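Engineer: Based on what follows, work out the 3D shape:
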Amino acid sequence: MFMLFVVFMWAKSVAGEDGWFWQVTDFHYDPRYSTAGVPTAMCHASAAGRQAGSPGVWGDYLCDAPWALINSSVYAMRQIQPNPDFILWTGDDTPHVPNEELGQQIVLDIIGNLTSLLKEVFPAKRVYAALGNHDYHPKNQLPPNGSDIYDAVAGFWREWMDDDTANSVFKQGGYYAVSAAPHLRIVSVNTNLHYRNNLLTADMPDPGGHFAWLDRVLSDAQANSEKVFIVGHLPPGFFELKRSQYWMYPNFNERYNELIRKHSAVIAGQFFGHHHTDSFRLFYDDEGSAVSLMFLCPAVTPWKTTLPGISGFGANNPGVRLYKYDRQTLQIKDVVQYYTNLTEANLRGGPVWQEAYSLTGTFGLVDGGTDSLHRLAASFTGPDASQFRRYHQFNTLSYDPGETCDTDCWVDHVCSITAVGHDDYDVCVKDKVTGGAPGSKTIQIVVILACVLTVLII
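Structural biologist: Down below sits the predicted model:
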């Protein structure tokens with residue numbers, strides 16, 4: 001009955017053509033967050049050796065998120081756009097804490113509480129959720145087969161799945177696919193199976209049959225004239241804040257990229273988290289044409305990463321993201337990013353959730369499609385290029401690290417965007433370090449053609 005109701009409501013709304021959906025990610029709720037007591041005990045992050053000093057009610061850049069911030073973020077979503085077609089929730093719900101400070105029941109309690117919050121605030125909406133590497137105990141060690149945690153989370157999310165098959169598949173491997181409309185399929189992947197920190201899957205050719213399953217689902221979508229939104233947590237490629245920092249085992253990274261290239265015609269968008277930053281990734285075919293796009297949504301948690309080698313950058317202002325899309329073609333028409341300045345929230349007695357930017361309005365793009373983002377990346381011709389400066393400002397949602405993005409920083413950002421494969425990334429970094437902007441052969445061609453066309457027009 002629930003699925004019939006969803007399809008009926010969708011059919012009624014399709015006539016409006018444009019629709020909206022939310023993405024929210026990386027809550028990292030810290031139940032121990034406190035504004036009083038011994039500084040090293042106010043939150044888990046400071047207890048790990050980084051004293052937060054005097055955490056505010058709404059959060060601290062050295063801590064994971066308190067419930068007040070999380071609650072505010074979800075209610076802000078309802079205030080800004082109370083009637084989205086659906087919500088994407090892309091994982092990582094527990095704090096950055098050693099395993100011995102958590103346990104299976106605490107992990108499940110946190111996921112269950114966040115599930116209840118989303119159901120309370122958006123009771124009539126479906127949420128398409130994906131597991132993060134922190135949504136398990138022990139963290140990162142998501143198994144390639146069934147488990148008690150998979151079973152419990154399947155119960156939490158049961159009403160958001162449309163049939164017993166999706167629920168059963170999730171219990172076996174932590175991934176699933178559901179029909180969101182007659183021509184749209186949401187595919188929630190469990191790329192945590194491919195994480196280089198997952199010791200359970202390191203020597204497996206295809207953990208949990210995940211790649212084989214994804215290949216079948218995307219092939220079926222093409223046969224059924226469907227388009228697909230891929231939803232996940234851990235992205236392929238490289239982290240833009242640290243050179244050569246990657247997440248997936250290289251062989252799994254390449255396999256994922258192969259599937260995206262193979263099925264790019266049916267993939268209308270990819271939506272991931274994990275980085276806590278605001279960025280995107282472009283996938284290219286063998287001829288150098290951009291064929292697919294991945295959006296990386298910034299986090300709700302403001303927590304500053306502890307990865308070595310990252311100095312001033314690494315924290316962020318909390319954010320939630322709204323997408324505008326064409327309900328018929330599933331083309332992403334715009335991305336509107338919202339955020340709250342955490343420092344001001346603590347000083348002024350509460351968060352003010354405001355628009356950070358509109359992808360089309362701020363960057364002058366015609367839409368949020370692959371070609372548009374490819375042209376945006378082509379404009380990132382150096383650390384002082386105006387479009388790159390705008391992008392970099394929003395990468396941490398206007399968090400001020402007290403540093404500027406130099407040439408090395410620019411190289412790391414641009415190569416992570418345009419080179420998702422390991423070999424391509426190495427070539428990109430080498431080209432840019434030795435030859436300067438723009439570096440990537442694909443982007444060089446675009447810039448050269450643009451210059452030629454400009455000359456011809458003049």
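
Engineer: so where's the stretch 1-150 of the chain shaky on pLDDT?
Structural biologist: Where the stretch 1-150 of the chain drops to pLDDT under 70, the residues are 1-16, 47-49, 51.

Engineer: So which residues of it form helices?
Structural biologist: Using DSSP state H, counting those that start in this stretch, the helices of the stretch 1-150 of the chain run over 2-14, 44-47, 67-80, 104-121, 148-156.

Engineer: for the stretch 351-458 of the chain, same thing?
Structural biologist: 359-363, 370-378, 386-395, 407-418, 422-435, 441-457.

Engineer: will you turn those helices into a markdown table that also has mean pLDDT, mean neighbour count and distance to Ile111?
Structural biologist: Where you see a C-beta, it was placed from the backbone N, CA and C, and this is true even at glycine. A markdown table is the format used below for the helices of the stretch 351-458 of the chain (pLDDT from 0 to 100; neighbours: other Cβ atoms under 10 Å; distance: least, Cβ to Cβ, whole Å):
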| stretch | mean pLDDT | mean neighbour count | distance to Ile111 |
| --- | --- | --- | --- |
| helix 359-363 | 98 | 18 | 31 |
| helix 370-378 | 98 | 21 | 32 |
| helix 386-395 | 98 | 19 | 28 |
| helix 407-418 | 97 | 22 | 29 |
| helix 422-435 | 95 | 16 | 32 |
| helix 441-457 | 39 | 13 | 40 |
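
Engineer: out of these, nearest to Phe239?
Structural biologist: helix 407-418 (6.8 Å; Cβ to Cβ).

Engineer: contacting residues around that closest one?
Structural biologist: 237-243, 279-282, 284, 313, 377, 380, 382-383, 388, 391-392, 395, 405, 424-425, 428-429, 432-433, 437-440, 442-443 (Cβ atoms under 8 Å, 6 or more residues apart in numbering).

Engineer: Stretch 421-432 too?
Structural biologist: 237-238, 243-244, 246, 250, 253-254, 257, 284, 410-412, 414-416, 418-419, 438-441.

Engineer: Also stretch 340-357?
Structural biologist: Counting by Cβ under 8 Å, 6+ apart, 56-61, 69, 72-73, 76, 79-80, 278, 302, 317-320, 336-339, 363, 390, 394, 397-398 sit against stretch 340-357.

Engineer: Give the buried residues for that stretch.
Structural biologist: 340-343, 345-346, 351, 353, 356-357 (16 or more other Cβ atoms under 10 Å).

Engineer: What of stretch 274-285?
Structural biologist: Buried, per 16+ other Cβ under 10 Å, within stretch 274-285: 274-284.

Engineer: Just the terminal-to-terminal distance for that stretch.
Structural biologist: With Cα to Cα, to the nearest Å applied, stretch 274-285 spans 25 Å between its terminal residues.

Engineer: State the mean pLDDT of it.
Structural biologist: For stretch 274-285, the mean per-residue pLDDT is 98.

Engineer: Can you show me the strands along the protein?
Structural biologist: For the chain, the strands defined by DSSP state E occupy 18-24, 86-89, 127-129, 176-181, 184-188, 227-231, 267-272, 279-284, 290-296, 319-326, 332-339, 354-358.

Engineer: Kindly export the second one (C-alpha atoms) in PDB.
Structural biologist: When you say that, I think you mean strand 86-89. Extracted C-alpha coordinates of strand 86-89, given in PDB (Å, rounded to 0.1, in the frame of the first residue of the first chain):
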ATOM      1  CA  PHE A  86      12.500  12.000  -1.400                       C
ATOM      2  CA  ILE A  87      15.600  12.300   0.800                       C
ATOM      3  CA  LEU A  88      19.000  10.800   0.300                       C
ATOM      4  CA  TRP A  89      20.900   9.900   3.600                       C
END
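
Engineer: Which strands and helices lie in contact with that strand?
Structural biologist: strand 18-24, strand 127-129 (3 or more Cβ pairs under 8 Å, 6 or more residues apart in numbering; DSSP states H and E).

Engineer: Neighbouring strands - and their directions - for that strand?
Structural biologist: strand 18-24 (parallel), strand 127-129 (parallel) (DSSP bridges).

Engineer: any residues touching the first one, and which ones?
Structural biologist: Under the contact criterion Cβ under 8 Å, 6+ apart, strand 18-24 has outside partners 13, 73-74, 77, 81, 83-90, 271, 295, 297, 300, 320-327, 333.

Engineer: Please, a ChimeraX command that selects the buried ones among those residues?
Structural biologist: The buried subset of the contacts of strand 18-24, as determined by 16+ other Cβ under 10 Å, is captured in ChimeraX by this line:
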select :73,74,77,81,84,85,86,87,88,89,90,271,295,297,300,320,321,322,323,324,325,327,333
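
Engineer: With distance to Pro98 as extra columns, can I get the strands of the chain in CSV?
Structural biologist: Shown next, in CSV, are the strands of the chain (distance: least, Cβ to Cβ, whole Å):
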stretch, distance to Pro98
strand 18-24, 26
strand 86-89, 25
strand 127-129, 25
strand 176-181, 30
strand 184-188, 28
strand 227-231, 29
strand 267-272, 25
strand 279-284, 28
strand 290-296, 26
strand 319-326, 27
strand 332-339, 30
strand 354-358, 33
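
Engineer: looking at these, which is closest to Asp151?
Structural biologist: Comparing the strands of the chain by Cβ to Cβ, strand 176-181 comes nearest, at 13.4 Å.

Engineer: pLDDT (mean, whole number) over that closest one?
Structural biologist: On average, strand 176-181 scores 96.

Engineer: how about the strands paired with strand 86-89, which one is nearest Trp160?
Structural biologist: Going by Cβ to Cβ, the one of the strands paired with strand 86-89 nearest Trp160 is strand 127-129, 5.3 Å.

Engineer: what's the closest of the strands of the chain to Arg196?
Structural biologist: strand 267-272 (16.2 Å).

Engineer: Name the stretch among the helices of the stretch 1-150 of the chain that sits most buried.
Structural biologist: helix 44-47 (a mean of 22; mean count of other Cβ atoms under 10 Å).

Engineer: So what's the gap between it and the chain middle?
Structural biologist: Centre-to-centre, helix 44-47 and its host chain are 24 Å apart (Cα atoms, centre = their mean, to the nearest Å).

Engineer: What of stretch 23-30?
Structural biologist: 11 Å.
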